[in-house]
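*Asks:* when you get a sec, could you give me coordinates for this:
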Amino acid sequence: VISTNPDVLLALGKEELQKVKNNLEMLLSTFQSKNKELDEDLKREQQWHEEQEQILDALNGIEEGSKTQFKQLPKERAFQELQNKMLKLKAFKEELLSALGKFLEEHFPLVEKAQSAQRKNSSEEPAVELITLHEILETLINKLMSTPHEPYVTIDDSFWPPYIELLLRYGIALRHPEDPNRIRLEAFHM
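*Replies:* Alright, predicted model coming up:
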């Protein structure tokens, strides 16, 4: 029942307007905080974009400098410099692979060591010898580099399933779209 008394109607109207005002103020504060977050995100993205542009400019400058250097050098000297760079890259590659091997050996020990406690409880021996994570990665890298058009490696019983799951879960390796028993290394260099 709605009263026809103007004082009651005025009080109800004021109360309703106060509720609407409170709701709108809450909505305004929510939007202001969202706008503040978006402004901060925009500033971070703009700063990141500026840094990327600076890097791109620096790389373009290096590329131009390299082009002018190679134009000025005789062909034999340029060839010699390329050979030297290749040797340095090979040495660096070996150093990286050695560091990777040490890291994997320390943090991902041989599967036999990890399962030695389980074998004490069980008298059965594994059907095949499991390979280390380092060997799995090395196989994937070699396959990717030797045959980039067909980089997939078939998973057999020598691949320890937790290592395969680790590589897949963290995006280091990808499954073949049609054959789930084949994986390849993610092409990070491309």
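
*Asks:* residue contacts, L185?
*Replies:* If a contact means CB atoms under 8 Å, 6 or more residues apart in numbering, then L185 has L137, L140, I141, K143, L144, P151, I172, A173 as its contacts. C-beta coordinates here come from the backbone N, C-alpha and C atoms, glycine included.

*Asks:* got the phi and psi for the nearest residue to it once chain neighbours are set aside?
*Replies:* Once flanking residues are discounted, L185 sits nearest to L140: 3.9 Å by CB to CB, 6 or more residues apart in numbering. Backbone geometry at L140, expressed as degrees, to the nearest 10, gives phi -70, psi -40.

*Asks:* pretty sure L140 contacts E186?
*Replies:* No: applying CB atoms under 8 Å, one finds L140 not in contact with E186, separated by 9.2 Å.

*Asks:* who touches both of the two?
*Replies:* With CB under 8 Å, 6+ apart as the test, L140 and E186 both reach A173.

*Asks:* which helix in this protein has the most residues?
*Replies:* Counting residues, the longest helix in the chain under DSSP state H turns out to be helix 6-72.

*Asks:* nearest to L10 among the contacts of L185?
*Replies:* I172 (71.0 Å; CB to CB).
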